[in-house]
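Undergrad: Take a look and give me a structure for this.
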Amino acid sequence: MSTSLDSGWFTEVFDSQGSAFSLKVTGKLHDVQSDYQHLEVYATETFGNLMVLDGCVMLTDRDNFLYHEMIAHPALFTHADPKRVVIIGGGDCGTLREVLRHPGVERVTQIDIDEEVTRAAERFFPALTESNDDPRAELAFIDGVRWVDEAEAESVDVLIIDSTDPVGPAEGLFTTDFLRRCHRLLRSGGVMVQQSESPLYHSGSIIHSLRRDMREAGFDSVATLPFPQPVYPSGWWSVTLAGKGREVNDFREQDAREAGLPLDYYTADIHRGALALPPFMRRALD
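TA: The predicted structure is shown next:
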């Protein structure tokens, strides 16, 4: 992966896939080197503000709802009655906002090691951070892997791994050992969900390995849900769910239909459709 900024265009190049994605920018709004990564925010011509971490596109105003809704709502509607939710990563707070749309959720802890991401989101993506003051929310700027190690066993209903790509600060979130510790953290009937990269580029590699490792870690069922994401590699992304004593290929469909949440992408029909994987994915994931 490499990036360039030439003639007013920000371009992220995916060398291994011979592809690239570009956005026309009108200016740089923010540039900081944190203790963990290089964070930039640009204004773009058609996608609103753009956040970049270590040269990788993280989110834009225009299309972040796709990712945030799909990493949050399928997991929450798969669990029978989620009360206690933990988010590892997710420093932009968009996933936190989506989780807090569920009135039955009593407490959400978001753990992101880099506070600079949240502070940048507050300044440049305020819609994503509008629920940060919800009394059910707790923000912790510490190492998520360490937090999982020290947390009480069987204390969480839904665990959301809202990480960047499996390199740098997020590398430790894609290991079998970490998944075992996540399994320990969940109550019986618990659900874990992890962002799992591009179905087109990574079905036979990252997604296949993650599903295998989830099973080896003790999870009883897994399900991968693809969805569109224009600014990510290939324009197509996925999340993978794992259940502890819970079948994650089914969900509370009637509750999802009747919830009346103010969403822009997720619906019960979208959820049901995403569970029906195309043949090339099924072959790659077998």
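Undergrad: Checking my notes, V32 in a helix, right?
TA: No: going by DSSP: H, G, I helix; E, B strand; the rest coil, the assignment for V32 is strand, not a helix.
Undergrad: Am I right that it is in contact with V41?
TA: No: applying CB atoms under 8 Å, one finds V32 not in contact with V41, separated by 9.2 Å. For the C-beta atoms, the positions are set from N, CA and C on the backbone; glycine is no exception.
Undergrad: ok, the two, which is more surrounded?
TA: Taking other CB atoms under 10 Å, V32 and V41 do not tie; V41 has more neighbours (20 against 13).
Undergrad: buried set for the helix or strand harbouring that one?
TA: Using DSSP states H and E, V41 maps to strand 38-44. Of all the residues in strand 38-44, those buried under the rule 16 or more other CB atoms under 10 Å are L39, E40, V41, Y42, A43, T44.
Undergrad: just stretch 17-26 next, same as before
TA: F21, L23, V25.
Undergrad: still on that earlier bit, and which of the buried residues of strand 38-44 is nearest Q254?
TA: T44 (39.7 Å; CB to CB).
Undergrad: Can you tell me the closest non-neighbouring residue to that closest one?
TA: Closest residue to T44 apart from its sequence neighbours, by CB to CB, 6 or more residues apart in numbering: L23 at 4.7 Å.
Undergrad: Tell me what angle the helix or strand hosting the one you found forms with strand 38-44.
TA: Assigned by DSSP H and E, L23 belongs to strand 19-33. Angle, strand 19-33 to strand 38-44, by axes from the mean of the first three to the mean of the last three CA atoms, to 10 degrees: 120 degrees.
Undergrad: Now strand 19-33 - C-alpha only, PDB.
TA: Extracted C-alpha coordinates of strand 19-33, given in PDB (Å, rounded to 0.1, in the frame of the first residue of the first chain):
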ATOM      1  CA  SER A  19      -5.600  -1.000  -7.900                       C
ATOM      2  CA  ALA A  20      -6.100   2.500  -6.300                       C
ATOM      3  CA  PHE A  21      -8.700   4.800  -5.000                       C
ATOM      4  CA  SER A  22      -8.600   8.600  -5.300                       C
ATOM      5  CA  LEU A  23     -10.600  11.500  -3.900                       C
ATOM      6  CA  LYS A  24     -10.200  15.100  -5.000                       C
ATOM      7  CA  VAL A  25      -9.200  17.200  -2.000                       C
ATOM      8  CA  THR A  26      -9.600  20.900  -1.400                       C
ATOM      9  CA  GLY A  27      -7.300  21.200   1.500                       C
ATOM     10  CA  LYS A  28      -5.700  19.600   4.500                       C
ATOM     11  CA  LEU A  29      -7.500  20.300   7.800                       C
ATOM     12  CA  HIS A  30      -5.400  18.400  10.300                       C
ATOM     13  CA  ASP A  31      -2.000  16.700  10.500                       C
ATOM     14  CA  VAL A  32      -0.600  15.100  13.700                       C
ATOM     15  CA  GLN A  33       1.800  12.300  14.500                       C
END
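Undergrad: what does it rub up against?
TA: 5, 8-14, 38-47, 49-50, 57, 60, 116, 120, 123-124, 231-235 (CB atoms under 8 Å, 6 or more residues apart in numbering).
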